[in-house]
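J.: Return a 3D structure for these sequence lines:
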Amino acid sequence: MELIRKARQGQEDMQNVQSNMARISGSMTEMNEVVSVTGRTFEDIFSSLGRAEQTVADMLKKMDAVNEIATSVAAIAEEQSASTEEVTATVDTAAASAQHVASESRDVDSSAETVADSAARIGGFVGSFRI
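T.: Prediction:
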């Protein structure tokens, strides 16, 4: 009897082991699915990071291009400022020359009047002599 009871106990233990193994197998299948999904998720994350890295690299290239354009615009503005200063200096010189010419013209006009007055007096002196 003891042997039968032990045999039945062994059968029950074996059934419990099989039941536990079935549950473990089910859990392992679920874990395998979770690991598989996790792996795909990491692959997606790494893929996204690669695309993000490329996007950042493209943005940096565009920023470099904008920086080059800004540098060119600054150089052009500096050249334009220098040209404007040269034009202003030329206009100032032309204005000073025009004032000088105007002053000289007044002096010439005054001298012409003096010569005309002198010529009239000389003409009056010459006319007073009769031959």
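
J.: name the element the residue positioned nearest the centre of the chain belongs to?
T.: Centroid check for the chain by CA atoms, centre = their mean gives residue 66 as the closest residue, at 3.5 Å. Per DSSP states H and E, residue 66 falls inside helix 2-128.

J.: what's the average pLDDT for that helix?
T.: Helix 2-128 carries an average pLDDT of 88.

J.: just how off-centre is that helix within its chain?
T.: Distance of helix 2-128 from its chain centroid, counting by CA atoms, centre = their mean, to the nearest Å, is 1 Å.

J.: What separation do you get for the residue nearest to the centre of the chain and residue 55?
T.: 16 Å (CB to CB, to the nearest Å). In short, each C-beta sits where N, CA and C put it, glycine included.

J.: cool, residue 93 as well?
T.: Using CB to CB, we find residue 93 at a distance of 57 Å from residue 55.

J.: Likewise for residue 101?
T.: 68 Å.

J.: How about residue 109?
T.: Counting by CB to CB, the gap from residue 109 to residue 55 is 79 Å.

J.: same check, this time on residue 111
T.: 82 Å.

J.: same check, this time on residue 7
T.: 71 Å.

J.: And for residue 19?
T.: Taken as CB to CB, the span from residue 19 to residue 55 is 53 Å.

J.: can you check residue 105 too?
T.: 73 Å.

J.: Could you give the number of residues near residue 92?
T.: For residue 92, the neighbour count with other CB atoms under 10 Å is 10.

J.: Likewise for residue 55?
T.: Residue 55: 10 surrounding residues under other CB under 10 Å.

J.: show me the contacts for it.
T.: If a contact means CB atoms under 8 Å, 6 or more residues apart in numbering, then residue 55 has no contacts.

J.: And the one 4 residues further on, by the same measure?
T.: Residue 59 makes no contacts at all, as judged by CB under 8 Å, 6+ apart.
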